[in-house]
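Colleague: Model the following, please.
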Amino acid sequence: MKISASIYSDKKRPLEEVIEDLVEHQVDLLHVDCNDDLGVFDDIQTIRKLCSIPIDLHIITEQPSKYYDLLIENPVEYVTFQYEDLKEPLEIPSQVTGKKGIAVITPTPVSIFDEYADFDFILIMATIPGQSGGKFDTVNFGKIRTFRNLYPGKSIHVDGGVNAEVSFILRNMGVTSSVSGSYLFNASSIGHALMNLTKREVESHYRISDFMIPLSESPFVKESDLSLENVLRSIDAGKLGFTLITDEEHTLKGLISNADVRKGLLRHLDDLNETKIESFLNENPTCIDESASVLDMLRLIKKSPFPIMYLPVINGNGHAVGIVTFVNLIKGEL
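Modeller: Presented below is the predicted three-dimensional model:
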């Protein structure tokens, strides 16, 4: 996941000094907030003279058309317009280069992206736009999952409340880029903050229930419907390589993975008609409680004698309530 440094979050130093510091620490992107201020392009010209780090421009305006000529004259690598402020159609000329995105605040559904199907990404504002230092609203974890399901080929950027722990969760969810402002500049040094944003171990204030994939979106089969066909269809539809098995009250009975199916079939190659799907079931998978913290999860993974690719999530009654998967995290670390 790329870290986009919000350059105006440092109120104490001149722009040139801030940019030099960010260049020295090799940030991925420079996030430039434009609150309907054409003068921002003077700063973009200054940045271009100082470095070649890609510019991530976020424009909040009612009239985007007045920025088109400036964007043609001053190309940036990423340009985003704030959806809620638009008072005219967003018809960006083809001469405007760079990747294009639409930004939405927490109450706005990500389904508005239907209007911008040719855009490259969405920017999810997880705090109030323009207010530095806000806390990440956990509702946005659900929005990220929803967007990923609706638009699997598009990228997700996040802005607001990104500290070390949120950064870890976002990487695990497959977010492409996150904007960091006050967290980055209020640390003892930018280097220290960047290291925290990209390291795998983090302090913990969020619970598994805040960001897990809920059971309603997870692959699972009830015991009463247990058959080889239903298991295979659930694994295939879930695209995660496994399915949970529950009773009628959603008590977790175990899981069946692709590997469990393969091993089960190998055991019965002489007579596949005698195969019993119940024999494929892993009745004691490693699980985690929904109230556990991110740090608890990392400790559990470290203690495991075998690699963990996913975790069923249960509540205090042993009911399956969701899953955590590490597919996106592994992809992002490659």
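Colleague: and residue 32, backbone torsions?
Modeller: Note on residue 32: backbone dihedrals following degrees, to the nearest 10 are phi -120, psi 110.
Colleague: Repeat that for residue 244.
Modeller: phi -80, psi 150.
Colleague: Could you list the low-pLDDT ranges of the stretch 51-200 of the chain?
Modeller: 128-134, 183-200 (pLDDT under 70).
Colleague: mind listing the strands for it?
Modeller: Using DSSP state E, counting those that start in this stretch, the strands of the stretch 51-200 of the chain run over residues 55-60, 78-82, 99-104, 121-125, 155-159, 177-180.
Colleague: tilt between the third one and strand 55-60?
Modeller: Translated: strand 99-104. Going by axes from the mean of the first three to the mean of the last three Cα atoms, to 10 degrees, strand 99-104 is angled at 40 degrees with respect to strand 55-60.
Colleague: Could you spell out the sheet neighbours of strand 99-104, each with its direction?
Modeller: Using DSSP bridges, the strands paired with strand 99-104 in its sheet are strand 78-82 (parallel), strand 121-125 (parallel).
Colleague: Need the residues that contact it.
Modeller: Strand 99-104 is contacted from outside by 58, 77-84, 90, 92, 110, 112-113, 116, 118-125, 129, 155, 157, 159, using Cβ atoms under 8 Å, 6 or more residues apart in numbering. Every residue, glycine included, has its C-beta placed from N, CA and C.
Colleague: repeat that for 7 Å
Modeller: If you take Cβ atoms under 7 Å, 6 or more residues apart in numbering as the criterion, strand 99-104 is touched by 58, 77-83, 92, 110, 112-113, 116, 119-125, 157.
Colleague: Over to residue 323: give its phi and psi.
Modeller: Phi and psi for residue 323, reported as degrees, to the nearest 10, are phi -140, psi 160.
Colleague: Make 48 the starting number, not 1.
Modeller: Sure, I'll start numbering at 48, so the last one becomes residue 370.
Colleague: pretty sure it contacts residue 355?
Modeller: No. Checked against Cβ atoms under 7 Å, the pair residue 370 and residue 355 is beyond contact range at 11.7 Å.
Colleague: In terms of neighbours, single out the busier of these two.
Modeller: A side-by-side neighbour count of residue 370 and residue 355, using other Cβ atoms under 10 Å, places residue 370 first with 26 against 17.
Colleague: contacting residues around the more buried one?
Modeller: Applying Cβ under 7 Å, 6+ apart to residue 370 gives the contacts 259-260, 265, 357-360.
Colleague: Kindly indicate the member of those residues with the most neighbours.
Modeller: For those, the largest number of neighbours (other Cβ under 10 Å) sits with residue 360, at 27 neighbours.
Colleague: which residue packs closest to that residue, ignoring adjacent ones?
Modeller: residue 369 (4.3 Å; Cβ to Cβ, 6 or more residues apart in numbering).
Colleague: Then residue 49?
Modeller: residue 75 (3.8 Å).
Colleague: Please report how far the one you found lies from residue 344.
Modeller: Noted for residue 75: a distance of 26 Å to residue 344, by Cβ to Cβ, to the nearest Å.
Colleague: Good, wrapping up.
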